[in-house]
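>>> show me the folded form of this:
(chains A, B, C and D)
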There are 2 protein chains.
Amino acid sequence: MSSPAPTDQPEIRRRLIEEAARILGEEGPSALSVRRLAAGAGTSTMAVYTHFGRMSAVVDEVATEGFRRLIDRVDAVGLTADPLADLRRMAGAYRENALANRHLYGVMFGAVSVRGLGGDGPDEEVSRAAFEQLVAAIARAQDAGGLRPGDPAPVAAQFWSALHGYVMLELAGMDQVVDDPEHTVLWSMLANLLSALS
Amino acid sequence: MSSPAPTDQPEIRRRLIEEAARILGEEGPSALSVRRLAAGAGTSTMAVYTHFGRMSAVVDEVATEGFRRLIDRVDAVGLTADPLADLRRMAGAYRENALANRHLYGVMFGAVSVRGLGGDGPDEEVSRAAFEQLVAAIARAQDAGGLRPGDPAPVAAQFWSALHGYVMLELAGMDQVVDDPEHTVLWSMLANLLSALS
DNA sequence: CCCTCAACATAACGCTGTTATGACAGACTG
DNA sequence: CAGTCTGTCATAACAGCGTTATGTTGAGGG
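Just a heads-up that it's a prediction; the model follows:
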């Protein structure tokens, strides 16, 4: 019941989502208002409510779109014969994507709220797909002998937690913790995790 | 220049901060408005602006207060003869404090914005003190032989990143990742980190 | 042709953060 | 002691917010 049926105008619906993602990325969450969004998409505020029901549903869609883009960016690193190196490069792509789209990244994890509008969060199926992408990479490393065999899901959860935490501290500007131009803390942490799991 | 000098009425200033922390904790960020805050503190909205200049400065003060409370809670676990066990208990207290004050925890890291008001973040000196608390615990474990000798700061940064990431995923409700009633992912992750550093 | 209904525009409601203005008390100054 | 000045707070206004009520429009079916 999050959306009152995609109506029959996917055109405007898509334009609204893209414009919302653009405003969020370029001007931050405080600039994303119904009126600015509607004006930017060349329509009126009511279009937002016919297509999404409420503003927070638009934010949820944008968050879902953020996970889709994240999946694409991480997929783009490709696979090599060294699954452990692939994991490191995936982590690098993950971090760079998060920093290049910091507001979007915050919204994806319900961290940054757009003007206090509490939504339901992104589509669970899509965020789960992002996790499964990491699970598959862990499983590949296990099969190749780079990691000890076992259930890959908890391993992926550890990997993601550590990576997410570093990125969040970096985005929060906690330079005392991540005063780390070469990100050696990140790479050491991931290396430590993986070595304990190998 | 974040505050127009604490004026000469520390009484009302303190009441405003405490009331803001109470509203944030009990009703969430969307309930924290200037009018509600002023009414709850028994004054008018102008008092907020005489004492803090703008609403976001109040949020920054609340975030700083959150770090002070976090430090106290983590300190309360005390020290034993086993520094590694102390670290685990500190992590448990950290996590429980974050979950018991989820809105405050989000505000502390600039993650949850109160209705889109972007502040300057908490007092850097206090958040640094929280980090130093962890650095000291790591150094103690190194001195006791539980961890390999070396600079404790990067080790503490790894530990905090991992812990913070797990807690944030938990708060975000990413149950796919942390579907983990016994928090085995958290404890395994920290154990893996520490074992690679020992 | 007319009727219906989904899609959108216009305008209003109560709320928000912020600021302008004014009242009032206490402390200096002559 | 009178006067002024300054810091503190109350009142009220402003533009903007999310949301909703109401009006308009245009295409498809009887």
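>>> tell me which helix or strand of chain A sits lowest on mean pLDDT?
Ranked by mean pLDDT, DSSP states H and E, the helix or strand of chain A with the weakest confidence is helix A:175-178, at a mean of 77.
>>> run through who's touching that one.
Residues from elsewhere that reach helix A:175-178, judged by Cβ atoms under 8 Å, 6 or more residues apart in numbering or on different chains: A:166, A:169-170, A:185-186, B:124, B:127-128, B:131, B:156-157, B:160-161. From N, CA and C alone the C-beta is placed, and that goes for glycine too.
>>> tell me the first helix or strand C-terminal of that helix.
Going down the chain from helix A:175-178, the next helix or strand is helix A:184-196, by DSSP states H and E.
>>> residues in contact with that following helix?
Residues contacting helix A:184-196 (Cβ under 8 Å, 6+ apart): A:84, A:87-88, A:91, A:95, A:141, A:146-147, A:158-159, A:162-163, A:166, A:177-178, A:180, B:154, B:157-158, B:161-162, B:189, B:191-193, B:195-197.
>>> now list the buried members of these.
Among the contacts of helix A:184-196, those buried by neighbour count (16 or more other Cβ atoms under 10 Å in any protein chain shown) are A:84, A:87-88, A:91, A:95, A:141, A:146-147, A:158-159, A:162-163, A:166, A:177-178, A:180, B:154, B:157-158, B:161-162, B:189, B:192-193, B:196-197.
>>> output stretch A:191-198 as PDB, nothing but the C-alphas.
Presented in PDB, the C-alpha positions along stretch A:191-198 are these (Å, rounded to 0.1, in the frame of the first residue of the first chain):
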ATOM      1  CA  ALA A 191      42.200  -7.500   5.800                       C
ATOM      2  CA  ASN A 192      42.100  -8.400   9.500                       C
ATOM      3  CA  LEU A 193      38.500  -9.600   9.100                       C
ATOM      4  CA  LEU A 194      39.300 -11.700   6.100                       C
ATOM      5  CA  SER A 195      42.500 -13.100   7.500                       C
ATOM      6  CA  ALA A 196      40.700 -14.300  10.600                       C
ATOM      7  CA  LEU A 197      38.100 -15.900   8.300                       C
ATOM      8  CA  SER A 198      40.700 -17.700   6.100                       C
END
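>>> quick one: mean pLDDT for it?
Averaging pLDDT along stretch A:191-198 gives 97.
>>> please, which helix or strand holds the spatially most central residue of chain A?
What sits nearest the mean C-alpha location of chain A, by Cα atoms, centre = their mean, is A:Phe67, with 4.3 Å. If you go by DSSP H and E, A:Phe67 is part of helix A:55-75.
>>> need the next SSE after that helix, C-terminal direction.
With elements assigned by DSSP H and E, the helix or strand that comes after helix A:55-75 is helix A:83-100.
>>> give me the buried positions along that next one.
So for helix A:83-100, counting by 16+ other Cβ under 10 Å, buried means A:83-84, A:86-95, A:97-98.
>>> from those, which two are the most distant?
A:Pro83 and A:Ala98 (22.4 Å; Cβ to Cβ).
>>> please report how far A:Leu134 lies from A:Gly40.
34 Å (Cβ to Cβ, to the nearest Å).
>>> wait, I meant A:Ser161
For A:Ser161 relative to A:Gly40 (Cβ to Cβ), the value is 36 Å.
>>> what's around A:Gly145, how many residues?
As a burial measure, A:Gly145 scores 11 neighbours (other Cβ atoms under 10 Å in any protein chain shown).
>>> having no further points to raise, I will conclude here.
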